[in-house]
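# Below is the sequence, then the predicted model.
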Amino acid sequence: MNLTEAHDYMDMLLDKAEQPYFTTIEKDRYLDLAISEFVNSNYRKMGTDEDSRRAIASCIDWNKYELTADDIAGGYYISDSHPSLSQKYTNAGVIDQSGSVIAGSDFSGVGQAYTNVGFWMHGNQYVLPKNHLFTIAIQVDYYNRIEVMDLDTGEMHPGKDADDIIMERVIPKSISPAEYYEKENTLDPFQSFRTSDKAGTSFNNWGNSFGQIDYQQKNKRIGYWSYVDGKIIVSNASEIMRFVIQSVFLPTVEQAFTSSSMGGNSPSPIGFTFADHYQRKIIQLAVRKAASVTETGDYQIKDIETRK
């Protein structure tokens, strides 16, 4: 169902309930309120209810931000003597190795293809996109910086190259801002990696194959993240090689009633359009909100929906 059809369906329900005429702008405002309530309500139930998971499946997406082994070994995106995601994924867009913004990667512009993608700042802060609602999961991959790189210059040790870079995958723990800053001031930021006999396992998860880098099982590192003022702050920023976040996004009215996609930097961009069954539920909720100016109107709308 497209937006014009959604408006027509609203008009039909409102007319049957003998409600006053609403302008297109007014109808969009009620649809916007209904979408927000629909997504929030189903998110709270999705852990135990299959229908709720299906209802907002189109609002769930993941985004990946990474420094490749060549980025690190080549000395690109250096900040404070180490390669940094905040030098690659900036507010201006994704920066290539030559220092230029990749065409079409502007995160902040209205209507851009990347409007559900955030950017990085100050090395360890991921600025969430405006339509981000909830964080479902975060994965961080740290690399063996202390083994391959001069910590003062950011240059690779003599004889070390991209093939010597290995990663440790961590599911960081969510903690409060106060706990986070306490731990950052007490933990050693340069925990070393120690290899085991489980080297060589291909690093392949979250729907992606990451090329020639091998994942090695290590002594488990503990990572932390915290939410502060629209940003996610991640521990041990100087050793982050890859950051993956899965989120629930809030679609606009136009996105909820169109078949176009507007995903982030994942290989299969998210399409926010709800299934027709759920679109109708959203419209019916919007009509109830529009009709709530009178108790009688609200009763008639519910009666019409029941009979349909």
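Sure, I can see it.

# Grab the longest helix from the protein for me.
helix 24-45 (DSSP state H).

# Name the residues of it that come out as buried.
Neighbour-count burial for helix 24-45 flags 27-35, 38-39, 42-43 (criterion: 16 or more other C-beta atoms under 10 Å). From N, CA and C alone the C-beta is placed, and that goes for glycine too.

# what's next to the next helix or strand after that helix, contact-wise?
As assigned by DSSP states H and E, the chain's next helix or strand after helix 24-45 is helix 50-55. Around helix 50-55, the neighbours that count as contacts under C-beta atoms under 8 Å, 6 or more residues apart in numbering are 38, 41-43, 45-46, 274-275, 278, 281.

# if you set the cut-off to 10 Å instead, what comes out?
For helix 50-55, the surrounding residues in contact (C-beta atoms under 10 Å, 6 or more residues apart in numbering) are 38-39, 41-47, 49, 60, 274-275, 277-278, 281-282.

# Can you name the residues bridging to Ser226?
Ile233 (DSSP bridges).

# my read: it touches Tyr126, true?
No - with contact defined as C-beta atoms under 10 Å, Ser226 does not reach Tyr126; the gap is 11.1 Å.

# can you list residues touching both of the two?
By C-beta under 10 Å, 6+ apart, the residues touching both Ser226 and Tyr126 are 232-234.

# Tyr21 versus Asp15, what's the distance?
Using C-beta to C-beta, to the nearest Å, we find Asp15 at a distance of 9 Å from Tyr21.

# mind checking how far Val228 is from Arg221?
22 Å.

# And Tyr143, by the same measure?
Tyr143 is 11 Å from Arg221, by C-beta to C-beta.

# more crowded one of the two?
The neighbour comparison of Tyr143 against Arg221 (other C-beta atoms under 10 Å) goes to Tyr143, with 23 against 17.

# Can you tell me, leaving aside adjacent residues, what's nearest to the more buried one?
Of all residues not flanking Tyr143 in the chain, Met241 sits nearest, at 4.2 Å (C-beta to C-beta, 6 or more residues apart in numbering).

# just the angle between the helix or strand containing that neighbour and helix 24-45, please?
Assignment of secondary structure by DSSP H and E places Met241 within strand 240-249. Orientation check (axes from the mean of the first three to the mean of the last three C-alpha atoms, to 10 degrees): strand 240-249 against helix 24-45 gives 120 degrees.

# closest to Pro172 among the shared contacts of Ser226 and Tyr126?
Val234 (6.7 Å; C-beta to C-beta).

# Hmm, that closest one is touching Val228, no?
No - between Val234 and Val228 there is no contact under C-beta under 10 Å: 11.2 Å.

# shared neighbours of those two, anything?
By C-beta under 10 Å, 6+ apart, the residues touching both Val234 and Val228 are 125, 180.

# who's more crowded, these two?
Val234 (24 against 13).

# domain parsing for the chain?
Domain assignment for the chain by automatic domain parsing gives 3-58+251-307, 61-249.

# residue contacts, Lys88?
Counted by C-beta under 10 Å, 6+ apart, Lys88 has contacts 65-68, 71, 76-77, 79, 94-97, 102, 119-120.

# ok, now with 8 Å
Per C-beta under 8 Å, 6+ apart, neighbours of Lys88: 65, 67, 71, 76-77, 94-95, 120.

# Specify which member of those residues is nearest to Glu155.
Taking the contacts of Lys88 together and measuring to Glu155 by C-beta to C-beta, the closest member is Tyr76, at 12.0 Å.

# No further questions, thank you.
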